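S.K.: What follows is a predicted protein model with its sequence.
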Amino acid sequence: MDADLTKGERTRKTIIDAAHSLINRQGYAGTSMRQIAEQAGIALGGIYNHFSGKEEIFEEVVFEFHPINQVIDALENVGGETAAELVQNAGKAVQDTFALRGDFLNLALIEAVEFNARHVPKIFPRIFPRALAFAQKIFAKDGELRDIDLPVIFMVFFGLMFAYYLIHKFFAESRSELFPKFELSQVIDIFLYGILADRAKEV
């Protein structure tokens, strides 16, 4: 709750919110510190009482607004009777979370292109214990799963979910012609059973 924050913490949050709004609309390079100050309603010099520069502000924007935080929240609430059902429900929960965050793609591309993704790894120590807990839920559902490290399971799952999201974004208009049968259930099926015929799910 904002009421529980100190005056300085509220000012920092106002600056971060202003930067997020501006950077999402006009990009990192197109956003100046002066614009952030004006959007936040503070003097330009006042920003430097809280941040050393624009990149430090952007790093906080990544920490605050990257949807991985909400993804983990969603995964913690996912259930299922079997490992397959749990993963299917988790996949839908992740895509629903991405869909609610129209700013996500802009944020992800700015972080990847302009900063070589150097800020995102700093998020993972905060969320990784919860991510591993999700992977452990999968193992708890089925005793026939391969012996794979839990962090690998989560990273592959999240990577596939992100790839599916990007393909839908980039090919929204032509997807039906290029990938007429490309659905989330297929991605989940490949995650669970791979692409080798002798390991495919019995239909």
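M.R.: Yes, it's here. Numbers count the residues shown, from 1 in each chain.
S.K.: CA atoms for contacts and neighbours, from now on please.
M.R.: Noted.
S.K.: Could you find the closest non-adjacent residue to residue 43?
M.R.: Setting aside the residues directly before and after it, residue 43 is nearest to residue 37 in space (Cα to Cα, 6 or more residues apart in numbering), at 6.0 Å.
S.K.: quick one: the one you found and residue 47 touch, right?
M.R.: Yes - between residue 37 and residue 47 there is a contact at 6.8 Å, judged by Cα atoms under 8 Å.
S.K.: Could you break the chain into its assigned domains?
M.R.: When the chain is parsed with automatic domain parsing, its domains come out as 2-59, 66-199.
S.K.: Turn the ones you listed into TSV, including mean neighbour count.
M.R.: As requested, the domains of the chain are exported to TSV (neighbours: other Cα atoms under 10 Å):
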stretch	mean neighbour count
domain 2-59	16
domain 66-199	15
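S.K.: Comparing the ones you listed, which yields the minimum mean pLDDT?
M.R.: Here the lowest mean pLDDT among the domains of the chain goes to domain 66-199, at a mean of 84.
S.K.: chain center to that one: distance?
M.R.: Offset of domain 66-199 from its chain centre (Cα atoms, centre = their mean, to the nearest Å): 9 Å.
S.K.: After the host helix or strand of the residue nearest to residue 43, which helix or strand is next?
M.R.: According to DSSP states H and E, residue 37 maps onto helix 33-40. Following helix 33-40 in sequence order, the next helix or strand is helix 44-47 (DSSP H and E).
S.K.: same for the helix holding residue 37, what does it pack against?
M.R.: Packing partners of helix 33-40 (3 or more Cα pairs under 8 Å, 6 or more residues apart in numbering; DSSP states H and E): helix 7-26, helix 44-47.
S.K.: List every C-alpha atom in the last one, with coordinates, as PDB.
M.R.: Taking C-alpha atoms only, helix 44-47 is exported to PDB below (Å, rounded to 0.1, in the frame of the first residue of the first chain):
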ATOM      1  CA  LEU A  44      14.600  17.700 -12.800                       C
ATOM      2  CA  GLY A  45      17.200  18.000 -10.100                       C
ATOM      3  CA  GLY A  46      15.000  16.200  -7.600                       C
ATOM      4  CA  ILE A  47      15.300  13.000  -9.600                       C
END
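S.K.: and the angle for the helix or strand following that helix with helix 7-26?
M.R.: Remark: after helix 44-47, the chain's next helix or strand is helix 54-65, criterion DSSP H and E. On the basis of axes from the mean of the first three to the mean of the last three Cα atoms, to 10 degrees, helix 54-65 is oriented at 90 degrees to helix 7-26.
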